[in-house]
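> next one to model:
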Amino acid sequence: MIRTRTLLITLLLAPLVAWHAAAQAQVPQNLDELWADFPQLDRDTPLEAETLKEWNEGEVVCRVVRFQVGVFKGSSSRVAAFYAFPTDGTKLPSLLQLHGGGQSASLDSVVTDARRGYVALSLNWGGNKLNFGRTTIVYDGPQTDWGRLDATHPPQRNKVNHFAGPLTPDEFTLDSVESPRNSNWFLVLMAARRAVTFLEQQPQVDPARIGVYGHSMGGKLTTDLAGIEPRIKAAVPSCGGGGDILESQTDLPGCVKKSPTALELACVSDNAYIPRITSPILWLSPTNDFHAPISNMAWNWRNLPDERTRFSIAPHLNHRHTDHHHVTQHLWFEQHLKNAFLMPCIPQLTLDLQAGDGIPAITVMQDESQSVQGVDIHYSTDPHELTRFWRTVQAVSDGQVWRASCPVLSLDQPMFAFANVIYQLPDRYHDIPVSAGNRPTGMFALSSRVRSVTADELRRAGVKATAVHERMIDDGSHGWRDWYHLNWDHPPLWQAVTRKVKDAQWRGPDGAQLAWEMKPAADCTLVIKVNTNSWGAFEPGKPAVDHVAEKQLRGSPDWQTVTVSLADFIPPLVNWRTVTELTLTPARDAAAGRQQRPAAGTPWQGPREIRNLRWEGGEDAQVNEDRGSGLDF
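Below is the predicted model:
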């Protein structure tokens, strides 16, 4: 009996052994060669799926499952996952969730999706221990095990991170020669494709309605999976999948530029996968994301057709979204997997550089199939992708299109622009949280494509530099529009952050002090943090520095003036020239000067409002000079 079972296992694994032997014979040079053998591997290799634990969360069945990716170097590689579905559900649409770097599978995500009527699988590809979040479930069973490979993140055994490169072999790689199969992106994509196979074999799943989403590294995986997996019918990458821009592409303004090898560009980079995407795909990413630079995406996604592509871009944020952008993910799957919603078309943005007054003009045509609440135009002349401040102009409608003028301060910088159309969210979605644990939202936002023009194009078109430096940074008439918020629902820890003081139009004069008005309801300590040279914006290769000051405020129903000078900060600031961010918060930053300043006082109470943020004193003559308003990199 044992001998028969051994023979059976040998026969089942034979296709994998043959596949690997053939793979070693020739290094793949493109995606066709890289994935040519996958269909046979997937067909001939048993998943050996197992349910390791099962329980109920209300009307949702939850399971810990594990299945085999393949047998590599004589050892089985298996990934664990959370699997959830509505009780008694059959032939339902399904969603595959791919977590980000350093994270693990999300139980909250699959339960949330199941409550919305989907079957959901969250793949624990990174190899960290399964996290059960807020539940009291106890589990000490098998976890993800990559066998003799190490595709975990961060690496658990290999000292080399084969997500960042290189493609050279070591004891934990698949091939013994330099090969794209040595990239962990290849191995995790294989696991994701096997996860699709797992889903289509489940009785709860309609195999014709499978979608995928993921954040950060999961966003790249989502984009790439959509490029090679025909079984994916809808995709939403978040903060990942924008692709590479080469250092040689000097004619493209902005962008984060790299120098991948030819083999990486052909087999590992998003650039190889993006043109192959045929399923409907929604780009969900903010303007200042470090992992998915917005200008990279604008160029690499330029040829994906409008009819099956949408964008939802939150201004000012890095690696996160506001609620009315995040909810578009749910709406996208409601349309393409349930046929329960119809997403408006992409807003069409036109950038007119030859307006009669020499001021760039932007017009936006929007789809009014849903109720339009407003149109915001965002533009910038800062070429530094990650620290760019996006100016917001509320467009005005003439009944047919929305229009706005966008004056510039200098003709020596490029210009970038996009628009957000804000729609009323249909009533039936008001009670659905936009993500696990988040509150519902009453709006959703769709974005135009991101447009850019070079400084030469501005000059050739006859654009005039009509903007002037302004000492008034923010008069408060638009609330916190030019800021982004963190921990806003937590009074002791809220943060309001803006990059507006980096923009040359509002940059601080030498020797000036910063002043504004606020009205806390109780005595408290306000922490002011200024970040300089973030992401090497002014001095590439040198670190960013946080400068922190504290001000004691008295509780009052009246506005009170707060001022801060260069010398108030620890460490002191010499000038405002390399400031990239300004943060206001009642929370003391333990990472900055923790032994040099007293702890913050009573947590903030009352409204969080600001007005008349401005520069006082200093030398006006120097602020219009171009002192590194942004360096390309």
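
> how much space between the residue lying closest to L493 once chain neighbours are set aside and A587?
Excluding the flanking residues, the one nearest L493 by C-beta to C-beta, 6 or more residues apart in numbering is N487, at 4.2 Å. In this view, the C-beta of every residue, glycine as well, is placed from N, C-alpha and C. Noted for N487: a distance of 8 Å to A587, by C-beta to C-beta, to the nearest Å.

> one step back: you'd agree the residue nearest to L493 is up against A496?
No. N487 lies out of contact with A496 (C-beta atoms under 8 Å); the separation is 10.2 Å.

> who's more crowded, those two?
In this view N487 and A496 are compared by other C-beta atoms under 10 Å, and A496 has more residues nearby, 17 against 12.

> I'd guessed that one sits against W483; true?
Yes. Counting by C-beta under 8 Å, A496 does reach W483; the two are 4.8 Å apart.

> which helices and strands sit right next to the helix or strand that A226 is a member of?
Assigned by DSSP states H and E, A226 falls within helix 217-228. If you count contacts as 3 or more C-beta pairs under 8 Å, 6 or more residues apart in numbering; DSSP states H and E, helix 217-228 packs onto strand 92-98, helix 184-200, strand 205-215, strand 232-238, helix 270-273.

> same thing but 10 Å
In this structure, helix 217-228 makes packing contacts with helix 31-34, strand 92-98, strand 119-123, helix 184-200, strand 205-215, strand 232-238, helix 270-273, strand 281-284, judged by 3 or more C-beta pairs under 10 Å, 6 or more residues apart in numbering; DSSP states H and E.

> ok, the second one: who's next to it in the sheet?
I take that to be strand 92-98. Next to strand 92-98 in the sheet, as set by DSSP bridges, lie strand 119-123 (parallel), strand 205-215 (parallel).

> what is the distance between that strand and the centre of its chain?
Relative to its chain's centre, strand 92-98 lies at 20 Å (C-alpha atoms, centre = their mean, to the nearest Å).

> shared neighbours, A496 and W483?
582-584, 610 (C-beta atoms under 10 Å, 6 or more residues apart in numbering).

> tell me the one of those residues nearest A234?
T583 (37.4 Å; C-beta to C-beta).

> returning to what we had before: mutual contacts of N487 and A587, please.
Taking C-beta under 10 Å, 6+ apart as the contact rule, N487 and A587 both touch 493-495.

> any chance of these in TSV, plus pLDDT and distance to S94?
Shown next, in TSV, are these (pLDDT from 0 to 100; distance: C-beta to C-beta, whole Å):
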residue	pLDDT	distance to S94
L493	86	37
W494	90	38
Q495	93	37
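
> isn't the residue nearest to L493 right up against Q495?
Yes. If you go by C-beta atoms under 10 Å, N487 and Q495 touch, sitting 6.1 Å apart.

> overlap of the contact sets of the two?
Both N487 and Q495 are contacted by 585, 587, under the criterion C-beta under 10 Å, 6+ apart.

> how is the protein carved up into domains?
1-203, 216-467, 472-622 (automatic domain parsing).

> picking up where we left off before, tell me which of the strands paired with strand 92-98 sits most buried.
Ranked by mean neighbour count, the strands paired with strand 92-98 are led by strand 119-123 with a mean of 29 (mean count of other C-beta atoms under 10 Å).

> would you say L349 is within a helix?
No. L349 is assigned strand when assessed by DSSP: H, G, I helix; E, B strand; the rest coil, not a helix.

> how near is it to T363?
Separation of L349 from T363 (C-beta to C-beta): 7 Å.

> neighbour-wise, which of the two wins?
A direct count of neighbours by other C-beta under 10 Å for L349 and T363 places L349 higher, at 21 against 18.

> re earlier: list residues touching both of L349 and T363?
Counting by C-beta under 10 Å, 6+ apart, the shared contacts of L349 and T363 are 377, 402, 419.

> the second one and Q373 touch, don't they?
Pointing back at W402 there. No. Checked against C-beta under 10 Å, the pair W402 and Q373 is beyond contact range at 11.9 Å.

> shared neighbours of the two, which are they?
V421.

> settle it for me: which of these two has more neighbours?
Legend: neighbour count by other C-beta under 10 Å for W402 and Q373, higher for W402 (23 against 15).

> tell me the contacts of that one?
Neighbouring residues of W402 by C-beta under 10 Å, 6+ apart: 347, 349, 362-366, 372, 374-377, 394-396, 419, 421.

> repeat that with 7 Å
By C-beta atoms under 7 Å, 6 or more residues apart in numbering, the residues touching W402 are 363-364, 366, 375, 395-396.

> buried subset of those residues?
363-364, 366, 375, 395 (16 or more other C-beta atoms under 10 Å).

> quick one: what helix or strand has D108 in it?
Assigned by DSSP H and E, D108 belongs to helix 107-115.

> which strands and helices sit next to that helix?
Using 3 or more C-beta pairs under 7 Å, 6 or more residues apart in numbering; DSSP states H and E, the elements in contact with helix 107-115 are strand 60-72, strand 75-86, strand 92-98, strand 119-123.

> now R451: how far from I422?
When R451 is compared with I422 (using C-beta to C-beta), they lie 19 Å apart.

> all helices for the chain, in order.
Along the chain, counting by DSSP state H, helices occupy 2-25, 31-34, 38-44, 107-115, 184-200, 217-228, 262-267, 270-273, 294-300, 323-338, 455-460.

> and for F186, nearest residue in space, chain neighbours not counted?
Nearest to F186 is P180, by C-beta to C-beta, 6+ apart, at 6.0 Å.

> correct me if wrong: that neighbour contacts N30.
No. Here P180 does not reach N30: they are 9.2 Å apart, not a contact under C-beta atoms under 7 Å.

> shared neighbours of these two, anything?
Joint contacts of P180 and N30 (C-beta under 7 Å, 6+ apart) are C267.

> more neighbours, those two?
More crowded of P180 and N30, by other C-beta under 10 Å: P180, with 24 against 13.

> CA atoms only for stretch 494-507 - export them in CSV, please.
C-alpha atoms of stretch 494-507 as CSV (Å, rounded to 0.1, in the frame of the first residue of the first chain):
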residue,chain,number,x,y,z
TRP,A,494,-4.6,63.9,14.9
GLN,A,495,-2.2,65.3,12.3
ALA,A,496,-2.8,68.0,9.6
VAL,A,497,0.0,68.0,7.0
THR,A,498,0.6,70.2,4.0
ARG,A,499,3.3,70.5,1.3
LYS,A,500,2.1,74.0,0.3
VAL,A,501,5.0,75.6,2.0
LYS,A,502,7.3,73.8,-0.4
ASP,A,503,5.6,75.4,-3.5
ALA,A,504,7.7,78.4,-4.6
GLN,A,505,4.6,80.5,-4.7
TRP,A,506,4.2,80.2,-0.9
ARG,A,507,7.8,79.4,0.2
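
> distance from that stretch to the middle of the chain?
Offset of stretch 494-507 from its chain centre (C-alpha atoms, centre = their mean): 21 Å.

> next: stretch 70-84.
Remark: stretch 70-84 is offset 28 Å from the chain centroid, using C-alpha atoms, centre = their mean.

> average pLDDT across it?
On average, the pLDDT along stretch 70-84 is 97.

> pLDDT at D489, what is it?
84.

> kindly apply the preceding question to G211 instead.
G211 is given a pLDDT of 98.

> nearest residue to it in space, please, no chain neighbours.
Closest to G211 by C-beta to C-beta, 6+ apart is A234, at 4.1 Å.

> contacts only, for the most centrally placed residue in the chain.
Closest to where the C-alpha atoms of the chain average out (C-alpha atoms, centre = their mean) is C239, at 1.9 Å. Applying C-beta under 7 Å, 6+ apart, we find C239 in contact with 215-216, 219, 285, 289, 291-292, 319.

> quick one: the helix holding D108 to strand 119-123, angle?
Orientation of helix 107-115 against strand 119-123 (axes from the mean of the first three to the mean of the last three C-alpha atoms, to 10 degrees) gives an angle of 160 degrees.

> cheers, nothing more for now.
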